[in-house]
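Trainee: got a predicted structure plus its sequence, pasted below:
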Amino acid sequence: MGELEGSTNGTGLRVAIVAARWNSFVTEKLLDGARETLKAKGVADGECHVIRVPGSFEIPAAAQWAASSGRVDAVICLGAVIRGETAHFEYVAGAAQQGILSATAQTGVPVVFGVLTVDTIEQALERTGGKDGHKGEEAALTAIEMANLRKVLGEHL
Ligand code: DLZ
């Protein structure tokens, strides 16, 4: 019984990034990190498509449209829901989380959750190149690994 996993080599992959404009001072950092990581891992510039949506609540619809197109290997969802600024934090964050999960379940395409759900702006900044790493970079690596894993499983199972 062997072990199967996806590599982090992005060569030949086609990726869509759905990025929310709400809290753009955070989401643009997430986007920069994701794009740089995709490029560093071999995803060609022309194979990386950025889709802008107003807020995190709208991410699932665009992610579902992209994933169901049959023309991308993975979708990366980037948003920032900050409790201190968001009267309906649970609704916006919950809708994003459930919708993203559902997009994967319905299409089979890896749809990666790169939506920050934090209490403060400081926590958001700590997760976009601060002491808690970079969630945009992590989302890009996850997307590549899962896209490759899907191909591996298609070949071996
Ligand atoms: C309305 C709203 C609020 C209050 N807060 C956020 C947030 O912290 N992060 C985010 O991505 N979006 C927020 N939004 C916008 C909603 O996601 C959505 O765009 C609007 O409710 C319109 O459907």
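Mentor: Thanks, I have the structure now. Residues are numbered from 1 along each chain as shown.
Trainee: and this protein, which residues reach the ligand?
Mentor: 20, 22-23, 54-58, 79-82, 85-87, 92 (CB under 6 Å from any ligand atom). The way it works is simple: take the backbone N, C-alpha and C, and place the C-beta from them, glycine included.
Trainee: are any of those buried, and if so which?
Mentor: 20, 22-23, 55-58, 79-82, 86, 92 (16 or more other CB atoms under 10 Å).
Trainee: surely A96 and A61 touch.
Mentor: No. Taking contact to mean CB atoms under 8 Å, the distance of 10.7 Å between A96 and A61 leaves them out of contact.
Trainee: so those two - more neighbours on which side?
Mentor: A count of neighbours by other CB atoms under 10 Å puts A96 above the other of A96 and A61, at 24 against 13.
Trainee: what strand or helix carries that one?
Mentor: With the criterion set as DSSP states H and E, the secondary-structure element containing A96 is helix 89-107.
Trainee: tell me the pLDDT of the residue of the chain found nearest the ligand.
Mentor: At 2.3 Å from the ligand, G55 is the closest residue in the chain, using CB to the nearest ligand atom. In the prediction, the pLDDT value recorded for G55 is 97.
Trainee: not counting its neighbours along the chain, what's nearest it?
Mentor: With CB to CB, 6 or more residues apart in numbering as the criterion, G55 has its nearest non-adjacent residue at 3.8 Å, and that residue is W22.
Trainee: bridging residues for the closest residue to A143 other than its chain neighbours?
Mentor: Distances taken as CB to CB, 6+ apart put A74 closest to A143, at 3.9 Å, once the chain neighbours are dropped. Beta bridges link A74 to V15 when assigned by DSSP bridges.
Trainee: on that earlier part again, relative to helix 89-107, how tilted is the next helix or strand after the helix holding A96?
Mentor: On the C-terminal side of helix 89-107, the closest following helix or strand by DSSP H and E is strand 111-118. Angle, strand 111-118 to helix 89-107, by axes from the mean of the first three to the mean of the last three CA atoms, to 10 degrees: 170 degrees.
Trainee: give me the contacts around stretch 144-157.
Mentor: Surrounding stretch 144-157, the residues in contact under the criterion CB atoms under 8 Å, 6 or more residues apart in numbering are 4-10, 13, 15, 38, 41, 43, 73-74, 108-110, 112.
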